[in-house]
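Visitor: Here is my input, please return the structure:
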Amino acid sequence: MPSIPTDYEERVYAGVLGKIIGVYLGRPVEGWTYERITEELGEITDYVHDKLGVPLVVTDDDITGTFTFFRALEDSGYDPDLGSEAVGRGWLNYLIENRTILWWGGLGHSTEHTAYLRLKSGVPAPRSGSAELNGRETSEQIGAQIFIDAWAMACPGDPERAVALARTAARVSHDGEAVHAASLLAAMEAQAFVESDLDRLLDTGLSFIPRDSVIARLIADLRAWRVGEPDWRVARERLADKYGYHRYRGNVHVVPNHGLMILSLLWGDDDFSRTMSIVNTGGWDTDCNSGNIGCLMGIKVGLAGLSGTVDWRGPVADRMYLPTAEGGRAITDAVIEAGRIATAGRRMAGDDPVDPKDGARFHFEFEGAVQGFAASTDGGAGEAPAVSNVEGGSRAGRRSLRCTFDHAGGSEATRLTTPTFIPPSAIDMIGYRLLASPTLHAGQTLRAAVELAADSSGPVDVRLIIGHYTGQDTIGWQRGPAVSLDPGSRADLVWPVPETDGQPIEEVGIEVSGGATGAVHLDWLSWSGAPNVRLARPSDGGKMWRRAWIDAVDVWEARKPEAYRFSQNRGTGLISQGSLEWTDYRVDADITPWMAAAAGVAARVQGLRRYYALQLTSDNRARVVRANDDVTILADVAFEVENFRTYQLALEVSGTRIRAWIDERLLADVVDDSPRALHGGAVGLVCEEGTMGSYEVRVAPAATASEMGAPERNELEEARS
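Guide: Numbers count the residues shown, from 1 in each chain. Okay, here's the model as predicted:
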């Protein structure tokens, strides 16, 4: 594998930015004809969401699928030789049927939905996406190239590996020309890290697909037309006539859209804004085409190439939503996702990952990165705060986030915060519902480093703050201890996050107060540790506490005494809350089986098919199981289970050790040191074919003892006997 470029992380970040900018730009006119776009909007040269009355930052299958299907590489331990079956298993783990990621358009109508149903019925990938099984019209839709960018960005300068991974992923759901288009694009994106000439990039991509393929002939035609035709609109008419939708049956065929993407590159003159204008004004599947081309151009031109007369980055502010069955990764940003891709790229190359500022979640080390942070001021008439990424203001790195404040006019405080859960503006998201778990919980320890600019007019107080939902589904605030800063001084802030009575934490940041004018620099902000939290119906009510759980069950009753009463009609359903960073902890819950094949509590949940669980079964067993695509029983004890009786279940995970209790009686103490062991994840309640209820779930750090004492050994022997 070629050596990693020195600017690799920054170029991946630029590629991720290009992807999400492209999707947000094209989403409002997705499916519009070229004629409608030009008649109603003219040439698209900037974001148009405000003209159409829709939000800019939205949930979108093109973004979520790209950064979710790629997780199969992480899940495999960064094995570059993982097969399509491994990617298919990821589909079944991260997709919640009819709710997340895909266009759920029906068998034979939506390529991805068709492939999902094949996988679910036991058809392995790549047969799940084959033309032999699904027909050419279905298997050659656009999705293969939509979801390919992350695989390519993990292979800088190595188009051969990028194409191998792209084909592996694409063939889960697609075949034929769709796979050729995805392969060509992946090769171009990987090579763009080391090559900027468009013709050479196209030649690289073409070297990986058949010369007689439709995609290859299409590109040859476009290149020939470019020689004598300066007007992209004329070329688009020729493209539509020879390769338009009327020539390719099915929904959103790849050929016309791939043609428009290549056209925008050839007539875009290496200019990001010009290229994005052409690909979006050209119509058809605008957000898909624009997202792919935005990623390629981002890699090719870098962060500098994303700037210009149009402010592409400011309105986006790095924000992304990835709603999947792994809810702790739903609220994210371009910096975080770029870091995960770059880590994969370095792991496959045998390098150590780069973790700016000791792995801080918010580190601001890329020029212009704000990671969703925005500022607001309480009271007063001072100037509105401005947020910018600047050089300096950091001891841990090169850059920081600068926030101005003007309290001389009577302002009480300025807050600089970023979302950690569904923000109020996204509660009623258009299109795809935003399923998410909070990334921050009570009991975890918040840390940040701050500095007061030397030219500030006087001292201020700075503190950590959290905003959480209330019973009115508005935001209430809790504040950490204040630290006084003089101009030019800095401080490290530390604060254990307090309880919020079950209400989810929606945002986190710092607050500046005091009658001065100036600027504060946020060097970095992060948190760590297991939570210490009670998850139950809050005393003041509201609805967002329910939204904090990833709901993957058939029915979850809202108006019942228990906070959690749900039913699963077939198979296994679960609700989960937490994140992959939770490693060692204990989860306790009251569990009442109503009529269920199995009911219980789960730990280290990593989606629908990966978790540990303590279950009570209808055949009078108590079991500790590991689900990791398939299910392994780690402990199995005879236990009389009564319907409608409430049991207190507890499951503790600490390193490789797993302990389970029922009604405070130790049931199992096992070690899972197998290659399929799970090392972190959320908590959950799990039900198999039936109904169960629970009033509350508690999560706390795991016990520190590493050895089992004599009383525990006696309890365990009793349970086993």
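Visitor: which residues does the residue lying closest to Ile550 once chain neighbours are set aside contact?
Guide: The shortest distance from Ile550 to any residue other than its chain neighbours is 3.9 Å, reached at Gly327 (C-beta to C-beta, 6 or more residues apart in numbering). Just so you know, the C-beta spots here come from the backbone N, C-alpha and C atoms, and that holds for glycine as well. Shown in contact with Gly327 (C-beta atoms under 8 Å, 6 or more residues apart in numbering): 435-437, 549-550, 576-579, 682.
Visitor: Roughly how far does Gly327 sit from Phe362?
Guide: Gly327 is 20 Å from Phe362, where distance means C-beta to C-beta, to the nearest Å.
Visitor: What of Ala548?
Guide: 21 Å.
Visitor: in the stretch 251-400 of the chain, which spans are helices?
Guide: When assigned using DSSP state H, counting those that start in this stretch, the helices of the stretch 251-400 of the chain occupy the ranges 254-267, 272-281, 286-305, 334-348, 356-359.
Visitor: out of those helices, nearest to Glu9?
Guide: Ranking the helices of the stretch 251-400 of the chain by proximity to Glu9 (C-beta to C-beta) places helix 334-348 first, at 4.8 Å.
Visitor: which other residues reach that closest one?
Guide: By C-beta under 8 Å, 6+ apart, the surrounding residues in contact with helix 334-348 are 1, 4, 8-9, 12-13, 15-17, 20, 67, 70, 73-74, 78, 80, 150, 153-156, 161, 316, 318-320, 322, 352-355, 361-363, 366, 369, 371.
Visitor: I'd say Ala115 and Asp175 touch.
Guide: No. Taking contacts as C-beta atoms under 8 Å, Ala115 lies outside contact range of Asp175: 10.1 Å.
Visitor: which residues are common contacts for these two?
Guide: With C-beta under 8 Å, 6+ apart, Ala115 and Asp175 have common neighbours 129, 134.
Visitor: where's Arg118, which helix or strand?
Guide: helix 111-120 (DSSP states H and E).
Visitor: Please tabulate the helices of the stretch 251-400 of the chain in CSV, including the columns mean pLDDT and distance to Val624.
Guide: Formatted as CSV, the helices of the stretch 251-400 of the chain follow (pLDDT from 0 to 100; distance: least, C-beta to C-beta, whole Å):
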stretch, mean pLDDT, distance to Val624
helix 254-267, 98, 46
helix 272-281, 98, 52
helix 286-305, 97, 43
helix 334-348, 98, 31
helix 356-359, 97, 32
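Visitor: Minimum distance to Trp495: which of the ones you listed has it?
Guide: So among the helices of the stretch 251-400 of the chain, helix 356-359 is nearest, using C-beta to C-beta, at 18.2 Å.
Visitor: so what does that closest one touch, helix or strand wise?
Guide: Identification of packing neighbours for helix 356-359 by 3 or more C-beta pairs under 8 Å, 6 or more residues apart in numbering; DSSP states H and E yields strand 517-528.
Visitor: tell me which residues in the strand it packs on are buried?
Guide: Using 16 or more other C-beta atoms under 10 Å as the test for burial, strand 517-528 gives 517-527.
Visitor: I'd like the next helix or strand past it.
Guide: Note on strand 517-528: by DSSP H and E, the next helix or strand toward the C-terminus is strand 533-536.
Visitor: For that following strand, give me every contacting residue.
Guide: 441-443, 499, 502, 545, 548, 563, 577, 683, 695-699.
Visitor: Which neighbours in the sheet does that strand have, and how are they oriented?
Guide: strand 696-701 (antiparallel) (DSSP bridges).
Visitor: avg pLDDT for the strand it pairs with?
Guide: Strand 696-701 shows a mean pLDDT of 98.
Visitor: roughly how far out does it sit from the chain middle?
Guide: Averaging C-alpha positions (C-alpha atoms, centre = their mean, to the nearest Å) puts strand 696-701 25 Å from its chain's average.
Visitor: With just CA atoms, put it into CSV.
Guide: Extracted C-alpha coordinates of strand 696-701, given in CSV (Å, rounded to 0.1, in the frame of the first residue of the first chain):
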residue,chain,number,x,y,z
GLU,A,696,-36.6,2.0,35.2
VAL,A,697,-33.1,1.2,34.1
ARG,A,698,-30.0,2.2,36.1
VAL,A,699,-26.4,2.3,34.9
ALA,A,700,-23.4,2.7,37.1
PRO,A,701,-19.6,2.0,36.9
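Visitor: mind listing what the residue nearest to Trp225 when sequence neighbours are not counted touches?
Guide: Computed as C-beta to C-beta, 6+ apart, the closest residue to Trp225 that is not its neighbour in sequence is Ala235, at 5.1 Å. By C-beta under 8 Å, 6+ apart, the residues touching Ala235 are 222, 225-226, 229, 263, 266-267.
Visitor: can you confirm Ala235 is in a strand?
Guide: No. Applying DSSP: H, G, I helix; E, B strand; the rest coil, one finds Ala235 to be helix, outside a strand.
Visitor: Pipe the helices of the stretch 251-400 of the chain into TSV and attach distance to Trp91 per row.
Guide: Converted to TSV, the helices of the stretch 251-400 of the chain look like this (distance: least, C-beta to C-beta, whole Å):
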stretch	distance to Trp91
helix 254-267	20
helix 272-281	28
helix 286-305	19
helix 334-348	18
helix 356-359	29
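Visitor: Correct me if wrong: Cys546 contacts Ala558.
Guide: Wrong residue type there; residue 546 is Arg, not Cys. Yes. At 7.2 Å, Arg546 counts as touching Ala558 under the criterion of C-beta under 8 Å.
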